[in-house]
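J.: Predicted structure and sequence below. I'll ask about it afterward.
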Amino acid sequence: MVKTDVCIIGAGPVGLFAIFELGLLKLRCHLVDYLPQVGGQLSEIYPKKPIYDIPGFPDILAGELVDNLMKQAEPFKPSFTLGERLESIERLEDGTFELETNEGSKIFSKVVVIAGGLGCFAPRKPELENLSHFEGKGVAYMILDPEKYRDKKVVIAGGGDSALDWTIFLANVASELTLVHRRTSFRGALDSVEKVKDLVAQGKVNLHLNSNINELHGDQKLEGISIIDKDKNINKIDTDYFIPLFGLSPKLGPIANWGLNIDKNAIEVDVKDYSTNVEGIYAIGDINTYPGKLKLILCGFHEAALMAQGAYKYIYPDAKLNLKYTTVNGVQAF
Ligand SMILES: Cc1cc2nc3c(=O)[nH]c(=O)nc-3n(C[C@H](O)[C@H](O)[C@H](O)COP(=O)(O)OP(=O)(O)OC[C@H]3O[C@@H](n4cnc5c(N)ncnc54)[C@H](O)[C@@H]3O)c2cc1C
């Protein structure tokens, strides 16, 4: 159970910058993100791409911007629940909020800030008859703790960066590692493809190209999979884990059920302070909509600054709030 001033749903760039703006006003933050790492779209979709429209940085790699935002937030000691989806928000009698994740983690908070971007990144799943039966019993779509796979047999499916990177990483962790890909060429970075080929040559990875997963086997838990190649040959592989890494697609998900005014998959806000129609709940970044909205990181940063002032006034309605420059006041750590 976590108790905090502000619960921020979404640890993308905008949620991360909100920690800083709220921290300047002495408000403590807890962040929840469904992804296993912080950074939202920047970490998940384009960590190695340079961004050219962050003020003060002629160019900066998306991953580097995320590192910098974490450094900037550090003095305010934010806490995180990663790899869990925020499912429900309930208002308690005293006006504060009780939030719960899909894993049952509870957060008690005075204010809620939704910085959920395009929504939850939901895994793209292969179409296999008994897939859901083995979810959590051998089938996983994200690797939250690589140690779980130590000395286990693992099959990864996919041909993008995620499949290649995890194949390289788990080659020295799993007792037996197999990569299955439906084509002969990969979509991922060339140097990762070369590394995987080296591991195959060293006998550390079994590679099956031009192959699809055909069937999952097991009873209470996964025991094996069958793959089928383009000549219709079927090959059975014993395995403890099957991890299809076919990418993630964003879905608004549970946010749609929280009583907020939604327009075309985005939350309507008042641009005065980015408050929603529900008192005490704010929405910033790609998740919100208002006339003239631009889905840009720098716009999300501006929204975070105004939201912080609004959230402070909501929590302390009688307190006087004066804008203080950081050059004058510095950054007062918690
Ligand atoms: C390829 C590409 C290039 C881009 N280039 C630029 C650029 O050059 N300049 C620019 O300004 N912008 C660029 N953008 C857009 C920019 O990435 C977004 O504007 C920015 O990521 C929005 O940040 P955010 O924090 O609002 O949301 P996101 O980065 O989307 O993060 C939201 C987070 O919320 C989480 N989440 C959602 N719902 C829940 C829930 N219920 N429970 C738990 N977690 C949840 C998600 O998992 C996600 O991690 C680009 C986007 C793409 C895809």
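T.: Yes, it's here.

J.: Share the number of residues neighbouring Ala140, please.
T.: Using other C-beta atoms under 10 Å, Ala140 has 20 neighbouring residues. Where you see a C-beta, it was placed from the backbone N, CA and C, and this is true even at glycine.

J.: ok, it to the ligand distance?
T.: Taking C-beta to the nearest ligand atom, to the nearest Å as the criterion, Ala140 is separated from the ligand by 17 Å.

J.: Hmm, Tyr241 and that residue touching each other?
T.: Yes: the pair Ala140 and Tyr241 passes the contact test of C-beta atoms under 8 Å, sitting 6.5 Å apart.

J.: In terms of helices and strands, where is the residue nearest to Thr96 when sequence neighbours are not counted?
T.: Counting by C-beta to C-beta, 6 or more residues apart in numbering, the nearest residue to Thr96 once its immediate chain neighbours are dropped is Lys110, at 5.2 Å. Assigned by DSSP states H and E, Lys110 belongs to strand 106-114.

J.: what are the pairing partners of that strand, and which direction each?
T.: strand 2-9 (parallel), strand 97-101 (antiparallel), strand 281-283 (parallel) (DSSP bridges).

J.: among those strands, which is nearest the ligand?
T.: strand 2-9 (5.2 Å; C-beta to the nearest ligand atom).

J.: The closest one close to the ligand?
T.: Yes: using C-beta under 6 Å from any ligand atom, we find that strand 2-9 touches the ligand at Ile9.

J.: what's next to that strand, contact-wise?
T.: Contact partners of strand 2-9, identified using C-beta atoms under 8 Å, 6 or more residues apart in numbering, comprise 15, 18-19, 22, 27-33, 79, 81, 86, 97, 99, 105-116, 255, 311, 315.

J.: Check stretch 172-184 too.
T.: Surrounding stretch 172-184, the residues in contact under the criterion C-beta under 8 Å, 6+ apart are 146-147, 149-159, 163, 167, 170-171, 196, 204-213, 227, 237, 239.

J.: Looking at those, which are in helices?
T.: Counting by DSSP state H, the contacts of stretch 172-184 place 163, 167, 170, 196 in helices.

J.: can you put these in CSV and add pLDDT?
T.: What follows is the ones in helices among the contacts of stretch 172-184, written out as CSV (pLDDT from 0 to 100):
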residue, pLDDT
Ala163, 94
Thr167, 96
Leu170, 96
Val196, 97
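
J.: List only buried entries from the residues you listed.
T.: Among the ones in helices among the contacts of stretch 172-184, those buried by neighbour count (16 or more other C-beta atoms under 10 Å) are 163, 167, 170, 196.

J.: got the residues you listed as JSON lines, with distance to the ligand columns?
T.: Formatted as JSON lines, these follow (distance: C-beta to the nearest ligand atom, whole Å):
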{"residue": "Ala163", "distance to the ligand": "19"}
{"residue": "Thr167", "distance to the ligand": "23"}
{"residue": "Leu170", "distance to the ligand": "23"}
{"residue": "Val196", "distance to the ligand": "24"}
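
J.: and which of those is nearest to Ile262?
T.: The shortest gap between Ile262 and any of these belongs to Ala163, at 33.8 Å (C-beta to C-beta).

J.: and the nearest residue to the closest one once chain neighbours are set aside, how many neighbours does it have?
T.: Beyond its immediate neighbours in the sequence, the residue positioned closest to Ala163 (C-beta to C-beta, 6+ apart) is Leu245, lying 4.3 Å away. Residues within reach of Leu245, counting by other C-beta under 10 Å, total 24.

J.: For the stretch 1-150 of the chain, which segments are assigned as helices?
T.: Applying DSSP state H, counting those that start in this stretch to the stretch 1-150 of the chain gives helices spanning 13-24, 41-44, 62-73, 131-134.

J.: And those helices, which one averages the lowest pLDDT?
T.: If the helices of the stretch 1-150 of the chain are sorted by mean pLDDT, helix 41-44 sits at the bottom with a mean of 89.

J.: Could I get the buried residue list for stretch 87-105?
T.: Residues 87, 89, 96-97, 99-101 are the ones in stretch 87-105 that count as buried (16+ other C-beta under 10 Å).

J.: what do you get for stretch 47-64?
T.: Taking 16+ other C-beta under 10 Å as the neighbour-count basis, stretch 47-64 is seen to contain the buried residues 47, 51, 54, 60-62, 64.

J.: before we move on, what about stretch 256-264?
T.: By neighbour count with 16+ other C-beta under 10 Å, stretch 256-264 contains the buried residues 258, 260, 262.
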